[in-house]
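A.B. asks: A predicted structure for the sequence below; I have some questions about it.
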Amino acid sequence: MASSTYIANIPRRSGVRVLYDRLRGGDEIAYLVTLACAVATLLIVALLVGELWINSQPTVKTFGWHFLTSSRWDPNSGNFGALPFIYGTCVTSFLALLIAIPLGVAASVFLAEMAPPKLSNILTFLIELLAAVPSVIYGLLGIFILVPLIRDYLVPVLTKLFGYLPIFSGDFYGVSFLSAGMVLAIMVVPFIVSVSREVLLAVPTDQREAALALGATKWETTWQIVIPNALTGIFGSIFLALARALGETMAVTMVIGNTPKITASLLSPGYSIAAVIANEFAEASGDLYVSSLMFLGLVLFGLTIIINAVARILILTTQKRGA
Amino acid sequence: MGNTISSRRRVINAVMLSLSGLCTLLVIGVLFFILGYLMFHGLKSLNLAFFTKLPKPAGETGGGMANAIVGSGKIILLATCIGVPIGFLAGVFLAEYSGKTFAFLIRYTVDLLNGVPSIVIGIFAYAMVVKPMKHFSALAGGVALGIMMIPIAVRTTEEFLRAVPNPLREGAMALGATKARTIFTIVIPAAISGLTSGMMLNLARVAGETAPLLFTALGNMFWSRGWSQPTATLPVMIYNYAISPDEDLHQQAWAAGFVLLTLVLVINVTARLVINRGPAAARR
Amino acid sequence: MNPALIGSPSQPVTLSDAKLSAKDLSFYYGTFQALYNISLSIAPHKITAFIGPSGCGKSTFLRTMNRMNEILRNTRVEGELTLDGQDLLAMDVTTVRRRVGMVFQKSNPFPKSIFDNVAYGLRVNGMHKRSVVEEAVERSLTHAALWTEVKDKLNKPATALSGGQQQRLCIARALAVEPEVLLLDEPCSALDPIATLKIEELLFEIKSLTTIVIVTHNMQQAARLADYTGFFFMGKLVEFDDTRVMFQNPHKKETEDYITGRFG
């Protein structure tokens, strides 16, 4: 090409410069480096599972499955059983969901169906901020505010009304399953709200319009048409919250009482898997002790992975249907 | 007859709508309660000594958390240096290079890692760093938080790079740019505000993490030099002080909680505002 | 495809002095064949237009000429494609794209300043000397009839320009690396008539600098601009000839039907 002047005149470059240009334009290098990082994430997870597995072998060999069903946790005598922690984790998480589900689903219905979009966005923004509050702060507030409130106002009412039920029997010292469950409830509500709202918003508008056009009230439309459409996704959000609750450590540790006992009463102190690891890991002495805590970590890992997977599948199913 | 049914329905409608609104108010109320209470107690206990003094030995009053503030900063810096590059580059790989099956595998693994309870990540960092080194260290804490940063770094990067329109890539390649050149000079700069905000959110998330630090960085009543000593951090200090019986320490815990929450919320609000204004929001 | 077409008396350019030529070129998206044995030659310093109904393969063919289709997964090219007699399919792909520039249907300015947009191609190709880059930017913007409009705001973001200006900026950006061939994929389809006219005028002007190949769905545009026109239909090049012949006296019935608006 006749007028090719400046491009043709681009000077040949020195070795360093050529290398530099290659690096900057280098597809192979970029590909390999990014691939390496992607593979690194795989390796980290594999390593994590591997480490937990290998390090928990002493416990597996000594106790076998009995570890999961034994309720005796006595480091001094070398007896380790996980049941009190599994029980505590399940009870607190269940209690948290019991409180958080109605509250969260109702709030998400309000945000998705009733609030004007602008207000809804602002309120959702605020609720999502709640999810960003560090768990140690929830624990702090739990110890100094929630526990006294529960002790002074909630428990007297509960024992008076339902004291004959085993779950509300016995003395109350503040730290308990009940306190842990309530702190957890506050912590997981934002997850239910933000995911459920998204799922509700994904329900096609024509479904609502069809119901409204037939004379249904706003609430009937929501209850009979919109919520059934989004139900799978709402369950997804609940499982997501459950996974969070199971793995939550600090807030629970600070208010559960850290006593490895299985009791029916929600007013008694208890323990959870995450809490026992947090409390005892740094000071655990002896292979079997550390290994038992590692095994508890593995159990927690397995539980949350399964619950998270279920949550993801449920949420994906509704979003696909909505799209 | 028809009239009574319809009025019953109308009442139910009104009641349920108000109830759901009430629940929303309740949830939001919790946030403002937390903010208000921390503000009240935290500000009351906050003073200059908090930022400049070391903790006092048990029994004495006064002192501050200067070492924990610096320690938190060090550990977060280290975590960012570990988690962000790995996560970012892996995200670039997912958005720009990978095929379907492999990407699915990576994405799945990353989600899995994101769901792992932070305490379990702590155990992992303990096994990888503390055990071989035979002592607790800032390094171990940084590794734990760094691993926690990876999943979000990967997913934000992938999401924001995917939001960059394809014609920009084609435009650059049509000028003779290589794929790598296109990614680093066109695609990433086009997504930069979203990427930075995402990384800030990621940082804010681990800044408040306590559980994985309990047996990696542990804690320290004094200054810790370098990376291989036990190191104090704000969240762990809050925990230790909150469960101690000493009233003076409770006050310090409130002050630390206030500082931590302010930091986390300020980052969250700014980053979310940037993201909501950015191109990713337009896509939605 | 009728192979006799290549040697037909009205074939405008002999293969020996063609700027770019294709022989038996086929293209596949996965198992779907999008182009069937295309053979043609592009004359240097002329404007060649491709017309045809949408989905006929004209854009696919254009994107094969600078190998942009390679970005997509699962694509395959068969046949020959040469640039100045060299095998284009065997060349380094970035060199091909430097030598064969492209302007897209929707303007795609980078989210950078106007100056950096035009300078991008130069920098990518290793030219960093400030004075040379500045000179090239001015020259390219002048050729793209944009210089007077933007010379005072070179550091402003390119995305702030109007649609027509953005498309001319994209032409300037492509011209800056002095491509031997400039491919334009329906460059005016998103523009108003006045902006379209401006672009047509500038294409006419830059014919002396480069060889132009344009895909258009607008037959009047082809008739106004092009020296040669090719008609694509269902992945085949039905007819390729001097524009006047194509529009006044086409040899194929399909061409005549399309041009007279009987289908498409």
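C.D. replies: Sure, I can see it.

A.B. asks: Helices along the stretch 1-150 of chain A, start to end?
C.D. replies: Taking DSSP state H, counting those that start in this stretch to define them, one finds helices in the stretch 1-150 of chain A at A:15-25, A:27-55, A:57-63, A:66-69, A:83-109, A:117-132, A:135-141, A:147-149.

A.B. asks: which one of those is the most hemmed in?
C.D. replies: Among the helices of the stretch 1-150 of chain A, helix A:135-141 has the highest mean neighbour count (mean count of other Cβ atoms under 10 Å in any protein chain shown), at a mean of 27. All C-beta spots, glycine's among them, are computed from the backbone N, C-alpha and C.

A.B. asks: rewinding a little: reformat the helices of the stretch 1-150 of chain A as a markdown table; add mean pLDDT.
C.D. replies: Listed next are the helices of the stretch 1-150 of chain A as a markdown table, based on pLDDT from 0 to 100:
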| stretch | mean pLDDT |
| --- | --- |
| helix A:15-25 | 58 |
| helix A:27-55 | 94 |
| helix A:57-63 | 93 |
| helix A:66-69 | 92 |
| helix A:83-109 | 96 |
| helix A:117-132 | 92 |
| helix A:135-141 | 95 |
| helix A:147-149 | 93 |
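
A.B. asks: Low-confidence stretches in the stretch 201-323 of chain A?
C.D. replies: Applying pLDDT under 70 to the stretch 201-323 of chain A picks out residues A:319, A:321-323.

A.B. asks: For it, what lies in contact range of chain B?
C.D. replies: Contact residues, the stretch 201-323 of chain A versus chain B (Cβ under 8 Å from any Cβ of the partner chain): A:217-220, A:223, A:243, A:246-250, A:253-254, A:274, A:277-278, A:281-282, A:293-294, A:297, A:300-301, A:304-305, A:308-309, A:312.

A.B. asks: before we move on, back to that, for the helices of the stretch 1-150 of chain A, could you give me TSV that also reports distance to chain C?
C.D. replies: Formatted as TSV, the helices of the stretch 1-150 of chain A follow (distance: least, Cβ to the nearest Cβ, whole Å):
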stretch	distance to chain C
helix A:15-25	6
helix A:27-55	9
helix A:57-63	45
helix A:66-69	47
helix A:83-109	36
helix A:117-132	26
helix A:135-141	39
helix A:147-149	52
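
A.B. asks: Just send these back as TSV, with distance to B:R162 too.
C.D. replies: Output for the helices of the stretch 1-150 of chain A, formatted as TSV (distance: least, Cβ to Cβ, whole Å):
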stretch	distance to B:R162
helix A:15-25	23
helix A:27-55	15
helix A:57-63	42
helix A:66-69	43
helix A:83-109	27
helix A:117-132	22
helix A:135-141	31
helix A:147-149	46
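
A.B. asks: which one of those helices lies closest to B:G29?
C.D. replies: Nearest to B:G29 among the helices of the stretch 1-150 of chain A is helix A:117-132 (10.3 Å), distances taken as Cβ to Cβ.

A.B. asks: Next one: the closest one, is it in contact with chain B?
C.D. replies: Yes: counting by Cβ under 8 Å from any Cβ, chain B has neighbours in helix A:117-132: A:L123, A:F125, A:L126, A:I127, A:E128, A:L129, A:L130, A:A132.

A.B. asks: for chain C, what spans make up the strands?
C.D. replies: C:20-29, C:32-42, C:47-51, C:75-83, C:86-87, C:100-103, C:181-185, C:211-215, C:228-233, C:236-242 (DSSP state E).

A.B. asks: out of the helices of the stretch 1-150 of chain A, nearest to C:P157?
C.D. replies: helix A:15-25 (23.8 Å).

A.B. asks: any weak-confidence spans in the stretch 151-284 of chain B?
C.D. replies: B:278-284.

A.B. asks: for it, what spans make up the helices?
C.D. replies: B:166-174, B:179-182, B:188-190, B:192-207, B:234-242, B:247-277, B:279-283.

A.B. asks: so, in contact with chain A or not, the fourth one?
C.D. replies: Yes: contact of helix B:192-207 with chain A (Cβ under 8 Å from any Cβ) involves B:L201, B:A204, B:R205, B:A207.

A.B. asks: The second one now?
C.D. replies: Yes: using Cβ under 8 Å from any Cβ, we find that helix B:179-182 touches chain A at B:K179, B:A180, B:R181.

A.B. asks: closest to chain C among these?
C.D. replies: B:R181 (5.9 Å; Cβ to the nearest Cβ).

A.B. asks: any idea how far chain B is from the residue most central in space within chain C?
C.D. replies: Nearest residue to the geometric centre of chain C (Cα atoms, centre = their mean): C:L183, 1.7 Å. According to Cβ to the nearest Cβ, to the nearest Å, C:L183 and chain B sit 8 Å apart.

A.B. asks: Contacts only, for the residue of the stretch 1-150 of chain B found nearest chain C.
C.D. replies: Nearest residue of the stretch 1-150 of chain B to chain C: B:G99, at 7.7 Å (Cβ to the nearest Cβ). The neighbours of B:G99, taking Cβ atoms under 8 Å, 6 or more residues apart in numbering or on different chains as the test, are C:R73.

A.B. asks: coming back round to it: most tightly packed of the helices of the stretch 151-284 of chain B?
C.D. replies: When those are compared using mean count of other Cβ under 10 Å, helix B:234-242 is most buried, at a mean of 25.

A.B. asks: List of residues touching that helix?
C.D. replies: Taking Cβ under 8 Å, 6+ apart as the rule, helix B:234-242 contacts A:134, A:136-137, A:139-140, A:143-144, A:250, A:253-254, B:55, B:65, B:68-69, B:71-72, B:207-210, B:213-214, B:217-219, B:249-250, B:252-253, B:256-257, B:259-260.

A.B. asks: interface residues of chain C facing chain A?
C.D. replies: Counting by Cβ under 8 Å from any Cβ, the residues of chain C near chain A are C:94, C:98, C:122, C:124-127, C:132, C:135-136, C:177-178, C:180, C:209-210.

A.B. asks: among the residues you listed, which are in helices?
C.D. replies: C:T94, C:R98, C:L122, C:V124, C:V132, C:E135, C:A136 (DSSP state H).

A.B. asks: Give me the buried subset of those.
C.D. replies: C:T94, C:R98, C:L122, C:V124, C:V132, C:A136 (16 or more other Cβ atoms under 10 Å in any protein chain shown).

A.B. asks: Same list (those) but as JSON lines, adding pLDDT.
C.D. replies: Shown next, in JSON lines, are these (pLDDT from 0 to 100):
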{"residue": "C:T94", "pLDDT": "87"}
{"residue": "C:R98", "pLDDT": "92"}
{"residue": "C:L122", "pLDDT": "93"}
{"residue": "C:V124", "pLDDT": "89"}
{"residue": "C:V132", "pLDDT": "93"}
{"residue": "C:A136", "pLDDT": "95"}
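
A.B. asks: So which of those residues is the closest to A:W53?
C.D. replies: Out of these, the member with the shortest distance to A:W53 (by Cβ to Cβ) is C:T94, at 47.8 Å.

A.B. asks: hang on, the earlier thing: nearest to B:I28, of the residues of chain C next to chain A?
C.D. replies: B:I28 has its nearest neighbour among the residues of chain C next to chain A in C:V124, at 51.0 Å by Cβ to Cβ.

A.B. asks: Domains of chain B: list them as residue ranges, please.
C.D. replies: Domains of chain B are assigned by automatic domain parsing as B:2-45, B:50-283.
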